[in-house]
Each structure stands twice: as structure tokens, then as C-alpha cells.
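**Q** One predicted model, sequence on top.
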Amino acid sequence: MGRFRGMVIMSSSGDAARCALPRLSTPRLAIAALVAGGCLVLLAQRTEGLDVEALTAALKSVAGWQWALAVVATMFSFAAIGQYDALFHRWLGTGVSPRRAVISGASAIAVAQMAGLGLLTGTLARWRALPELSAKHAFLVTQYVSFSFMIALGVLTALAVALLPVGAHPSVGAFAAFAVMLAAGAAVTSLVAPRSLPLRVPPLILMGRLSMLLLVDVLFGSLALYALLPTEVAPAFGIVFAAFLVALSAGLLSGAPGGFGPFELCLLALLPDVPDADLLATVLAFRLIYYVLPVCAALPGLIRPMAPLAALRVVPKPSPVHAEARGLARLADHELLPIRGGHLHVAAASQSLVAMGDMSTRKSLRLTDLTDLVSEARARGLSPALYKTGARSASVARRSG
């Protein structure tokens, strides 16, 4: 089902029809429990001789300006986090407004990172926050956000470990090579878009936007952690940034609630110059601000979700005028795009939004029609294209650039 500007186009095929809700399989739960349990055992061994009074004193020593700076950094981080959902809602054509997508996305990620098992908890939170969204579409958005985020985070983490001071070890070249191979593999898959894959691959423009949002997200997230460190023992921000990326990746991959265990172990290993009591007090304060506060802010919207501004109206999909366009419409998922001059029949390719041009209308395209096509394509992270258009339409397109 694709939705555009107040109307809904029903389709019997497509990615949403093939996706299924996540299931809590016993092996997955067992692996997550084993990983979390093992990390907790290691963490307990590492902190066995820790002085509780020293930990309490370190927590009390966090100044008011440090708490405030961490809260502000967290707000900027979650502002970027919510934009992940806005990107994929627009690309998938769910019809959810950008504002609602940002709020529901930030709320879902706040709940998922606190509860663990992100695919399940993220899907349930998005489904609850957006009553007009089906469970399958909520899962589809969660899938795209989760997998795209992990790929981009893997590339950024590998580069950070290789280039920043924390990566000064013999395997620097391996980390850099891994980052290049991962980025190249994602780019090639997006360009080729093999039909054997169960889901469409996001276009490169969208992945580039998500990578920039990810950089803003983790920069402010690591700044929230850095702000809470005691100033007299805090290492350079670059070291904390790289350590934060590794710890975040380990926590997410473990599936443990809040990444608890792997997150702390990675920070303790990568920031050896910070006393354990000071570092664990910092992590505790960080969890209160970056994990607990966002969940508290998200709960009201999940308990009483906002209703959509207006009910979406289901309209029939008119058949293209030209016989070839009718054939393409039957073979591929084409969509009806409203424009000021009527409508265009479009189909999303791997990197482009292709309009069928004159063969789906009875008149040449105008500059305003092309402007609407370009705006829609750019909003989805795609490049606009025309298929078999007439000479007049081609001339208008050429003059418009």
C-alpha cells in the first residue's frame, strides 16, 4: 500500500505484503540471554574489588552544568534519531507526516534501546504510536531503520577505530579495510538491487542522508557521555568518541536490554586511563539521561497516541492511456502521483523515480508537472526520470535542467 498527499493507492503486491511480524524464537532469546549473562559475569569479575563508596562519591561529584550539558546533547541526539523514521516513511510511502514520523521514531528507539530485542519492541512501539499504520508496515519501517543503522554504524565504527587514537594497534589496516568493504558492498547492492532479495534496498541518496544523521546522533550521544566524565581524568574527545561507537555497537549486537554488560565492558577496556569508579559512575549517570529520560518522555505518547490529522481516503487507481503503460502497470508496482496538472504514473527503480511520461497522459508535461515529480523524487532520496516521453515534454525537461 502506498500513500501520497492525502490519497491511498491499494496494491496487491509489494514488499509490505511479503514481510512478517517478528517472532520471539527460543534460540534467539537463548543467545541473547547467554551473551548478556556472560557479559554480566565478566563485568562482575572486573568490578569485584570496586569501592561502592568511591562509586557513590564519583556520582555525587558530577556538577550541575555537566548534567545540563548531557541533557542538551541527548535532546540533539534524539532529534536526529527521529529523522531516521521520517526518511523511510517518505521512501516507503506510508503517508505518515514527517512530524509524526519523527516523534514515533524517537519514541520507538527510546523504548527499543532500553528494553532490548529491538525488532520486536521497536515494531510494537511504532504500531502503538501510529494507529493508522498496520503491524506489517510498522515492522517494515523497523527493519529498514535497524538494518540501515547497523550498516552505517559498522562503517563509522571501523573508520573511527582505525583513524582515532584508540585504534593505534596492529589491526588498524583490517578495520579500515572492513569499513571500505562494507560501504562498497552496501553501495553495489543498492545500485544492482537484485530481485532475489526479500526487501527493496534503499537508494544511495537515502543511505547518505541516514549516514549524516547517524554521525550527528552518535556525536551528540558521545558528547553526553563525555560531559559527565570528571574533567581531571577525561581523555581526549576523539578517544571517547571511538570507544563510545565500539561500546554502542557491542550493546546493540548483544540484544541485551540497554546493551547492559557489553557497553560497560567495552568502555572499561578502551578507556583504561579513567579510574573504574569514575567511569562506572559516568556510565550510570549517562544511562539515567540517555536511556531513562527518553523512555519517560515517550511513555505519554505511547499510552495515548496521537490520532492522524485527517482520515486518508482510498481512491481507485486509473488505468494509463497507452497500452504499453497499462502493461507496465500490471508487471510492476506503479503508483499514482498527484501533480498540479492531474496525475503521473510512476514506479520506483533502485535509484530513480520513473514517470511514464506522455504515454500515460493525453498531453505534454509542463514545467509545474516536472517540478512536482522532482520534489517527490528528492523527498524519497531518488533521482527523477522520464520514460518514453514526447518531444515537447523532453524539451521542457531539458530546459528545466
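**A** Happy to help now that I have it. Numbering: from 1, shown residues only.
**Q** and Phe237, how far is that from Arg366?
**A** Distance, Phe237 to Arg366, using C-beta to C-beta, to the nearest Å: 53 Å. No exception for glycine: its C-beta is placed from N, CA and C like everyone else's.
**Q** again, but for Val96
**A** Per C-beta to C-beta, Val96 is found 30 Å from Arg366.
**Q** Which one's more surrounded, those two?
**A** In this view Val96 and Arg366 are compared by other C-beta atoms under 10 Å, and Val96 has more residues nearby, 26 against 16.
**Q** hang on, isn't that one packed against Ala129?
**A** No - assessed by C-beta atoms under 8 Å, Val96 is found out of contact with Ala129, at 9.8 Å.
**Q** Common neighbours of those two, please.
**A** Common contacts of Val96 and Ala129, defined by C-beta atoms under 8 Å, 6 or more residues apart in numbering, comprise Ser104.
**Q** Next, the contact list for the residue nearest to Val216 when sequence neighbours are not counted, please.
**A** Leaving aside its sequence neighbours, Val216 sits nearest to Ala80 (C-beta to C-beta, 6 or more residues apart in numbering; 4.3 Å). Residues near Ala80 by C-beta under 8 Å, 6+ apart: Leu213, Leu214, Val216, Asp217, Phe220.
**Q** Could you do Ser383 as well?
**A** Contacts of Ser383 by C-beta under 8 Å, 6+ apart are Ile205, Gln351, Ser352, Leu353, Ala377.
**Q** element containing the fourth one, please.
**A** Yep, that's Leu353 we're talking about. strand 352-355 (DSSP states H and E).
**Q** Show me what the helix or strand following that strand is packed against.
**A** For strand 352-355, the following helix or strand on the C-terminal side (DSSP H and E) is helix 367-379. Where contact means 3 or more C-beta pairs under 8 Å, 6 or more residues apart in numbering; DSSP states H and E, helix 367-379 is packed against strand 335-339, strand 342-348, strand 352-355, strand 383-386, helix 391-399.
**Q** just those: most buried one?
**A** Most buried of the helices and strands packed on helix 367-379, by mean neighbour count (mean count of other C-beta atoms under 10 Å): strand 352-355, with a mean of 23.
**Q** Counting by contacts, list what whichever strand or helix holds Leu210 packs against.
**A** For Leu210, the host element (DSSP H and E) is helix 204-228. On a contact count with 3+ C-beta pairs under 8 Å, 6+ apart, helix 204-228 meets helix 64-92, helix 135-163, helix 172-192, helix 237-254, helix 276-287.
**Q** Compute the number of surrounding residues for His89.
**A** For His89, the neighbour count with other C-beta under 10 Å is 27.
**Q** Same question for the one 5 residues further on.
**A** With neighbours defined by other C-beta under 10 Å, the count for Thr94 comes to 23.
**Q** Then Ala379?
**A** For Ala379, the neighbour count with other C-beta under 10 Å is 14.
**Q** any idea how far Phe220 lies from Ala394?
**A** 46 Å.
**Q** Got phi/psi on the residue nearest to Pro235 when sequence neighbours are not counted?
**A** The shortest distance from Pro235 to any non-neighbouring residue, by C-beta to C-beta, 6+ apart, is to Asp273 (5.9 Å). Dihedral pair for Asp273: phi -80, psi -10, per degrees, to the nearest 10.
**Q** So Asp273 sits against Glu232, correct?
**A** No - judged on C-beta under 8 Å, Asp273 makes no contact with Glu232 at a distance of 11.4 Å.
**Q** So for those two, which residue has more residues nearby?
**A** Between Asp273 and Glu232, counting by other C-beta under 10 Å, Asp273 is the more crowded of the two (9 against 6).
**Q** pLDDT weak spots in the stretch 51-200 of the chain?
**A** 51, 165-176 (pLDDT under 70).
**Q** mind checking how far the most centrally placed residue in the chain is from Ala256?
**A** Note on the chain: the residue nearest the mean C-alpha position is Val145, at 3.4 Å, using C-alpha atoms, centre = their mean. Going from Val145 to Ala256 by C-beta to C-beta gives 19 Å.
**Q** hang on, the earlier thing: give me the pLDDT for the residue nearest to Pro235.
**A** We have a pLDDT of 87 for Asp273.
**Q** same check, this time on the one 10 residues further on
**A** The predicted local confidence for Val283 comes out at a pLDDT of 91.
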